[in-house]
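S.K.: give me the fold of what follows.
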Amino acid sequence: MWLLPERGGRDGVRLHMFGLNSPDWCRWWYRLGMDSFDGSKLSTEGAANGWYWLPKDGKYGRETPEMPVKVSDLYHKLAVKKMGAEDWGWRIEEGVLVPANEVMVGELNTRCDCPACRYLGRARCTSPRCWKRKRDLENGFESRHCADPRMMGSTEHNMGRVAHNAHVMDWLLSKIEELMVRASESDLQGEESWLRKHLWIVLIPE
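M.R.: This next block holds a predicted model:
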């Protein structure tokens, strides 16, 4: 299969990969010179399965690995069902309930400042079926809580998590490109040999 992109590029044909876009697959499409790709990974992992991606981007104590073996080394994949949203404390900010404390998974700070999370931290969850909305009403509390993607319970939470994960995916793609460029400009010897060993080199030349 790896010969196809080279032939396609030579003949002016663009190649698209259908249905495979998990982060580690994306690394291969870059290596093989594919022009584009798509898939349902963001919606299935984010909305349906409740996975919250968190980049190892150097923020809030999340150190980026110096020699990642694979793309999955560059981010955490956390189950929101295990984030303990039922036990969070809440406070009112600009008329919306927001988490009162940093949400931690062990010693890992799950805070995110991507555009989606900045918006979701202010946007209200409007679903009457959300478990938190129901619990608040049972307790006589009328204020709406924010659509935090680190919890489940409504379309706002679930699709917001998809949007958050899309921003993480964009960051991951930038890191893939960065590592590919670094490998292409390196002699792949000595301290840089790991770039060859762990397959960051591009198979199809531009």
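
S.K.: now the strands for the protein?
M.R.: Ranges of strands within the chain are 16-17, 36-37, 51-55, 75-79, 90-93, 96-99, 104-105, 108-109, based on DSSP state E.

S.K.: I'd like the ones you listed as CSV, with mean pLDDT, distance to residue 131 and mean neighbour count appended.
M.R.: Bear in mind the C-beta positions are built from the backbone N, C-alpha and C, glycine included. Below are the strands of the chain laid out as CSV (pLDDT from 0 to 100; distance: least, CB to CB, whole Å; neighbours: other CB atoms under 10 Å):
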stretch, mean pLDDT, distance to residue 131, mean neighbour count
strand 16-17, 88, 38, 14
strand 36-37, 86, 36, 14
strand 51-55, 97, 17, 22
strand 75-79, 96, 16, 16
strand 90-93, 96, 14, 13
strand 96-99, 97, 14, 18
strand 104-105, 96, 20, 14
strand 108-109, 96, 24, 15
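
S.K.: export the ones you listed to CSV and tack on distance to residue 68?
M.R.: Rendered in CSV, the data for the strands of the chain read as follows (distance: least, CB to CB, whole Å):
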stretch, distance to residue 68
strand 16-17, 22
strand 36-37, 20
strand 51-55, 12
strand 75-79, 10
strand 90-93, 36
strand 96-99, 30
strand 104-105, 21
strand 108-109, 18
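
S.K.: between the ones you listed, which one is nearest to residue 169?
M.R.: strand 51-55 (7.5 Å; CB to CB).

S.K.: list the helices and strands that closest one packs on?
M.R.: Applying 3 or more CB pairs under 8 Å, 6 or more residues apart in numbering; DSSP states H and E, one finds that strand 51-55 contacts strand 75-79, helix 155-185.

S.K.: switch to 10 Å and redo it
M.R.: Strand 51-55 makes packing contacts with helix 41-43, strand 75-79, helix 155-185 when contacts are defined by 3 or more CB pairs under 10 Å, 6 or more residues apart in numbering; DSSP states H and E.

S.K.: for the shortest one, buried residues please.
M.R.: The neighbour-count criterion (16 or more other CB atoms under 10 Å) identifies 41-43 as the buried residues of helix 41-43.

S.K.: by mean pLDDT, point me to the weakest helix or strand of this structure.
M.R.: helix 3-10 (a mean of 51; mean pLDDT, DSSP states H and E).

S.K.: so where's this structure shaky on pLDDT?
M.R.: Scanning the chain for pLDDT under 70 picks out 1-11, 197-199, 202-206.

S.K.: hmm, 90 instead?
M.R.: 1-43, 48, 69-70, 141-142, 177, 180-186, 188, 191-206 (pLDDT under 90).

S.K.: which one in it is furthest away from the centre?
M.R.: Farthest-out residue of the chain from its mean C-alpha position, per CA atoms, centre = their mean: residue 140, at 36.1 Å.

S.K.: looking at the strands of the chain, which is nearest to residue 157?
M.R.: strand 51-55 (10.4 Å).

S.K.: what lines up beside the closest one in the sheet?
M.R.: strand 75-79 (antiparallel) (DSSP bridges).
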